[in-house]
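Peer 1: Give the three-dimensional model of this entry:
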Amino acid sequence: MTIESLIKKVDLLPTVMSIEQEYEIIADVMSISANEILQNKSAFISILDSLATSHMDNVYEVTIENYPEFVNFSKWLLSLKENLNDPILLAWLNSVSDTMEAKLW
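Peer 2: Next comes the predicted model:
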């Protein structure tokens, strides 16, 4: 999936997505190459912002069973730091990574 098609998909979703919708967007995000992210920084940040906003509102749906999905995404985001030498992107990666690892138990 390209960032352009993903941003259109995200724009059609509610601000607070279901956990299943978050899973789907996370899978799509993880299919994007570092090169494409660098070429479409603002769109990528917009997608991350949508995910983080949604996740903050539905963190109560995070369970012991589905928590590893979000930790995996968090680790993937942090792994991008090696290839993305952009201070704004790095700040977003750190922030969204922290949000994805939030839990209530």
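Peer 1: I'd like to know how far residue 65 sits from residue 105.
Peer 2: 12 Å (CB to CB, to the nearest Å). C-beta: built from backbone N, CA, C; applies to glycine.
Peer 1: And the closest residue to residue 89 other than its chain neighbours, its phi and psi?
Peer 2: The spatial neighbour of residue 89 that comes closest, neighbours along the chain excluded (CB to CB, 6 or more residues apart in numbering), is residue 41 at 6.0 Å. Torsion angles at residue 41 (phi, psi; degrees, to the nearest 10) stand at phi -60, psi -50.
Peer 1: how many other residues sit next to residue 41?
Peer 2: Residues near residue 41, counting by other CB atoms under 10 Å, number 15.
Peer 1: hang on, it packs against residue 90?
Peer 2: No - using CB atoms under 8 Å as the test, residue 41 is too far from residue 90 to be in contact (11.2 Å).
Peer 1: Just the pLDDT for residue 54.
Peer 2: Listed pLDDT for residue 54 reads 97.
Peer 1: and if you look at residue 27?
Peer 2: According to the model, residue 27 scores 97 on pLDDT.
Peer 1: Got phi/psi on it?
Peer 2: phi -60, psi -40.
Peer 1: do residue 103 as well
Peer 2: The phi/psi pair for residue 103 (degrees, to the nearest 10) is phi -150, psi 160.
Peer 1: Also residue 31?
Peer 2: The phi/psi pair for residue 31 (degrees, to the nearest 10) is phi -90, psi 0.
Peer 1: Identify the residue nearest it in space, chain neighbours excluded?
Peer 2: By the measure of CB to CB, 6+ apart, the closest residue to residue 31 outside its immediate chain neighbours is residue 1, 5.6 Å from it.
Peer 1: these two touch, right, that neighbour and residue 28?
Peer 2: Yes - in this structure, residue 1 is within contact of residue 28 by CB under 8 Å, at 4.7 Å.
Peer 1: Quick check: neighbours shared by these two?
Peer 2: residue 9 (CB atoms under 8 Å, 6 or more residues apart in numbering).
Peer 1: Between these two, which has more neighbouring residues?
Peer 2: A direct count of neighbours by other CB under 10 Å for residue 1 and residue 28 places residue 28 higher, at 17 against 14.
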